[in-house]
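K.L.:
Just the structure for this:
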Amino acid sequence: MDRSRGPDRGSQAAQGGSGSMGARCFDTRTVVSLGAVGVARPLPTTRMSDFLQKYVDFVRGVVLDYEFDPDHLLMSLGMVALVLLIDLAYTGFRGSALDRILVFDRSARMDLVYYLLDAFKLFSLVSFLVTFGVCYALVGLVQGLWSEPLLPMVNEHVKFVLVFLLSDLKNYVRHYVFHRVDFLWNLHAVHHSATSFTVFTTSRGHFIELEISRFFDVLPLMLLGLPLHTYFLLRFIVQVQQLIIHSSIASDWGWIGRYVLVSPAAHRVHHSIEERHFNRNYASIFIFWDRLFGTYHKAEKVAAIGIPADPYNRGIVRDTVTAVRLSLGTLYRRLSPRR
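P.N.:
Numbers count the residues shown, from 1 in each chain. Modelled structure (predicted):
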């Protein structure tokens, strides 16, 4: 199968006011997964009938816990405005991300819908409902099995660097898996179906992909733990980087883009519709993961982005159903006995 390639959005965590950020930590009792509706709470182990009742209560509780977060919306709008201004300053209006947004073609419309869902914290809620909360509950169960974070006495600044590197390596591995496993690729292809970068493209993705990604996202936090205030700093850095590499900026960032950070030009190669660019430049932040694992492709001019024979950009509901249908079909063919 042809696989085009693109990183996943990072999305925001979770519950609690900003005043409590410094006091709360990620530990084995409360692990906040990326893009979570709230804090992942493990379900107690009981008899099946009790488990089902508690599961229903769990789903109802998470849904009812949802509330609009104006701080999240303002932060999201602020980051987008910042990157759009940088994009305008670098490219000029013609051909800029803002220009592409105002053209409002089918791809740009889809980007905007996904972005608004994320900005209003509805993307995670819809993801939770689409999967009936199963992935979210399993994250809580796995988290409940972990006793204590590793390296509890390590200096907070050192731990921040370690979590930053480990999280980015996790993103590389997750991204690689979503490209190389056929039925997962059909979900990830929703992100790659964008035919232009509008900055909002970073929010485009399938709801089920977000839920599956929770299993990857929670690992660095479970292993090392991280105070919430430094966690949000980490998320801010990652989110701004993702917005920039999904903008109209085409810079390769010189030697920094070749050996340290993922440049917009390198990520455009990842989204290229040309077969020679397929399955290259998986990294989200640090390009040296691609160099280390042999998936690096030098930044160069890309004629067009997207996926061959694109079945998406038909509306968010239709795209969601199409991706599930294609994924289940691929999985069925893999599992069915050969004749």
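K.L.:
Can you classify the nearest residue to Leu184 once chain neighbours are set aside by secondary structure?
P.N.:
Nearest residue to Leu184 in three dimensions, chain neighbours excluded: Phe178, at 4.7 Å (C-beta to C-beta, 6 or more residues apart in numbering). Where you see a C-beta, it was placed from the backbone N, CA and C, and this is true even at glycine. Using DSSP: H, G, I helix; E, B strand; the rest coil, the structure places Phe178 in helix.
K.L.:
pLDDT score assigned to Phe178?
P.N.:
Looking at Phe178, its pLDDT is 96.
K.L.:
Double-check it against Val190; I have them as touching.
P.N.:
No: contact criterion C-beta atoms under 8 Å: Phe178 and Val190 do not qualify, at 10.8 Å.
K.L.:
Could you tell me which residues touch both of those two?
P.N.:
Shared contacts of Phe178 and Val190 (C-beta atoms under 8 Å, 6 or more residues apart in numbering): Glu209.
K.L.:
quick revisit: so what's the residue nearest to Leu184 up against?
P.N.:
For Phe178, counting by C-beta under 8 Å, 6+ apart, the contacting residues are Asp8, Leu184, Trp185, Leu187, His188, Glu209.
K.L.:
next one: Val173
P.N.:
By C-beta under 8 Å, 6+ apart, Val173 lies in contact with Phe216.
K.L.:
Now name the helix or strand holding it.
P.N.:
Assigned by DSSP states H and E, Val173 belongs to helix 156-180.
K.L.:
buried stuff in that helix?
P.N.:
159-160, 162-164, 167-172, 174-179 (16 or more other C-beta atoms under 10 Å).
K.L.:
Can you give me the distance of the residue nearest to Leu184 to Phe216?
P.N.:
Distance of Phe178 to Phe216, given as C-beta to C-beta, to the nearest Å: 10 Å.
K.L.:
Also Phe293?
P.N.:
On the measure of C-beta to C-beta, Phe293 and Phe216 end up 16 Å apart.
K.L.:
which of the two has more neighbours?
P.N.:
Phe216 (19 against 14; other C-beta atoms under 10 Å).
K.L.:
Can you tell me how far that one is from Ser284?
P.N.:
The value you get for Phe216 to Ser284, if C-beta to C-beta is used, is 12 Å.
K.L.:
what sits in contact with each of those two?
P.N.:
Here Phe216 and Ser284 have Asn171 as joint contacts, going by C-beta under 8 Å, 6+ apart.
K.L.:
re the thing from before, which is the succeeding secondary structure element to the helix holding Val173?
P.N.:
Following helix 156-180 in sequence, per DSSP H and E, is helix 182-192.
K.L.:
Does anything pack onto that next one? Which helices or strands?
P.N.:
helix 156-180, helix 207-224, helix 316-335 (3 or more C-beta pairs under 8 Å, 6 or more residues apart in numbering; DSSP states H and E).
K.L.:
Out of the ones you listed, which is closest to Trp253?
P.N.:
helix 156-180 (16.6 Å; C-beta to C-beta).
K.L.:
name the helices or strands packed onto the helix or strand containing Cys135?
P.N.:
Assigned by DSSP H and E, Cys135 belongs to helix 134-145. Contact here means 3+ C-beta pairs under 8 Å, 6+ apart; on that basis helix 134-145 packs against helix 48-65, helix 207-224.
K.L.:
rank the ones you listed by pLDDT, which is bottom?
P.N.:
helix 48-65 (a mean of 75).
K.L.:
Return the alpha-carbon coordinates of that helix using PDB.
P.N.:
Coordinates of the C-alpha atoms in helix 48-65 are reproduced here as PDB (Å, rounded to 0.1, in the frame of the first residue of the first chain):
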ATOM      1  CA  MET A  48     -18.000  -8.800  35.400                       C
ATOM      2  CA  SER A  49     -21.400  -7.400  36.300                       C
ATOM      3  CA  ASP A  50     -19.900  -4.900  38.700                       C
ATOM      4  CA  PHE A  51     -17.200  -4.100  36.200                       C
ATOM      5  CA  LEU A  52     -19.800  -3.300  33.500                       C
ATOM      6  CA  GLN A  53     -21.700  -1.100  35.800                       C
ATOM      7  CA  LYS A  54     -18.600   0.700  36.900                       C
ATOM      8  CA  TYR A  55     -17.600   1.000  33.300                       C
ATOM      9  CA  VAL A  56     -20.900   2.600  32.400                       C
ATOM     10  CA  ASP A  57     -20.500   5.000  35.300                       C
ATOM     11  CA  PHE A  58     -16.900   5.700  34.200                       C
ATOM     12  CA  VAL A  59     -18.000   6.700  30.700                       C
ATOM     13  CA  ARG A  60     -20.900   8.800  32.000                       C
ATOM     14  CA  GLY A  61     -18.600  10.500  34.500                       C
ATOM     15  CA  VAL A  62     -16.000  11.500  31.900                       C
ATOM     16  CA  VAL A  63     -18.600  12.800  29.500                       C
ATOM     17  CA  LEU A  64     -20.300  14.800  32.200                       C
ATOM     18  CA  ASP A  65     -17.000  16.100  33.400                       C
END
